[in-house]
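Student: Quick one: sequence plus predicted model below, questions after.
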Amino acid sequence: MATGTKESHFEEHIEKYLTRNIAPNFIEYQVKDSSSYNKDLCIVSEDLIDFIKDTQLDKYNALISEFGDKIDEKIAYYASTALKNSKHKTLDYFRTKLKIRGQHFDPVYFKPTHGKSPEQQIGYAANRLTLVRQLKYSKKNENSIDIVLFVNGFPIVTIELKNALTGQYLQNAIQQYIQDRDPKEPLLEFKRCLVHFAVSTEQVSMCTELKGKSTFFLPFNKSLINENEDGYATSYLWEDVLTKESILDLIQNYVNIQVDKEKYYDPQTKALKEKEKIKLIFPRFHQRRAVKRLLSAIKEEGVGGKYLIQHSA
C-alpha cells in the first residue's frame, strides 16, 4: 500500500519493492549509497569486480600476474574504457565479451532459454542489480538524480520522481531532465543509460536521448488512465518493467539501435552528403506487452496462427 505525501516517500516505496525478499536470502536489487559511484569511470566498481569474481574467478586470477594488487582498479578501468570506446556504448558492452589481456569476460548472464545449462543458471542468479537513490553524478556540481539502476556496475536507467500530493506532476519531472540534466555529463551522454524515466504518482514518460531543450519524452503508460486501487497508479513500472527478469530481458531482446542514412546539402561543397542518424529504441509499455502476449500465445497454440494487434497512430 502506498503511503506518504513527500517525494522521498515515493522513492522509499519503490526501493522497498525492488529490494524485497523474493525468497530466503534473495533480493533482486541491492541498495548502495551515492558514494559507491565512481564519477571518473561512470560505474559502481565494486559491483563489477564482485560479479566477475563470483562468475569468472579463474579468468580474474589469471590477471593477477599482470596487475598484482591493482587488479580491481585495472579491470574497472578496462571495462569502463571498453564501453566508452564502443560505437553503441552500453548495448555493445553487454552484448559482447570484455577483453582484457587475453581473458574474455562475460559482462552479464542473460536468462537461459531452457534449464539445461547449470552454468548459465548460476551466472544469471549472480548478476548484480543495484539501486542508488539521490545519485550525485557530476564532478561539476552537487546535482543528484532520484533513482539510478545499475547492472553489474553499469548504469542503465535513471528516474526522476514527482509526487502529486506535493503539487509536483509529470511535467515537472520532464522539465527537470530538460533544464537541469546536462547531456554532456558522462552518465547522461547518449547511449550510456538505456532509458530515462520521468515518473509521477499518476503517469510515466520515457526518453532515450537527452538533448537539452530539444529533449522529447514519449508516454509510457499502461493505459489511457493508469489505475491501481491498492497503491500508486504507476506501480506497473517497478512491479513489472524494472524487475530483474524484465530488465535483463529488455537488454537482451528488446532495446535496439536504429541507424538511418540521411542526405543533406553541404553549402560549402555545394553537394549532397550523407550522414548517419542514430536512435536508441526502448519499447514503450504497450509495445512490449503486445510482444509478450504474442510469444505467450505461440507457446500455447503453436506457430502458424494469425494475430491482429490493435494500436493507435
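Tutor: It's in. Numbers count the residues shown, from 1 in each chain.
Student: For this protein, just list every one of the helices.
Tutor: For the chain, the helices defined by DSSP state H cover 7-18, 45-55, 57-62, 64-67, 71-85, 90-95, 118-126, 170-180, 236, 244-249, 285-301.
Student: any chance of the ones you listed in CSV, plus distance to Ile147 and mean pLDDT?
Tutor: All C-beta spots, glycine's among them, are computed from the backbone N, C-alpha and C. What follows is the helices of the chain, written out as CSV (distance: least, Cβ to Cβ, whole Å; pLDDT from 0 to 100):
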stretch, distance to Ile147, mean pLDDT
helix 7-18, 6, 93
helix 45-55, 16, 98
helix 57-62, 30, 98
helix 64-67, 34, 96
helix 71-85, 21, 98
helix 90-95, 17, 97
helix 118-126, 23, 89
helix 170-180, 12, 97
helix 236, 16, 95
helix 244-249, 13, 96
helix 285-301, 18, 87
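Student: I'd like these laid out as a markdown table, including mean neighbour count.
Tutor: Converted to a markdown table, these look like this (neighbours: other Cβ atoms under 10 Å):
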| stretch | mean neighbour count |
| --- | --- |
| helix 7-18 | 18 |
| helix 45-55 | 20 |
| helix 57-62 | 13 |
| helix 64-67 | 12 |
| helix 71-85 | 18 |
| helix 90-95 | 19 |
| helix 118-126 | 15 |
| helix 170-180 | 17 |
| helix 236 | 19 |
| helix 244-249 | 17 |
| helix 285-301 | 13 |
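Student: Tell me how far Pro228 lies from Gln179.
Tutor: One thing to correct before we go on: residue 228 is Asn, not Pro. 30 Å (Cβ to Cβ, to the nearest Å).
Student: Also Ile147?
Tutor: 19 Å.
Student: As TSV, the helices of the chain with distance to Lys213 would be great.
Tutor: TSV is the format used below for the helices of the chain (distance: least, Cβ to Cβ, whole Å):
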stretch	distance to Lys213
helix 7-18	24
helix 45-55	34
helix 57-62	45
helix 64-67	45
helix 71-85	26
helix 90-95	25
helix 118-126	41
helix 170-180	6
helix 236	30
helix 244-249	30
helix 285-301	26
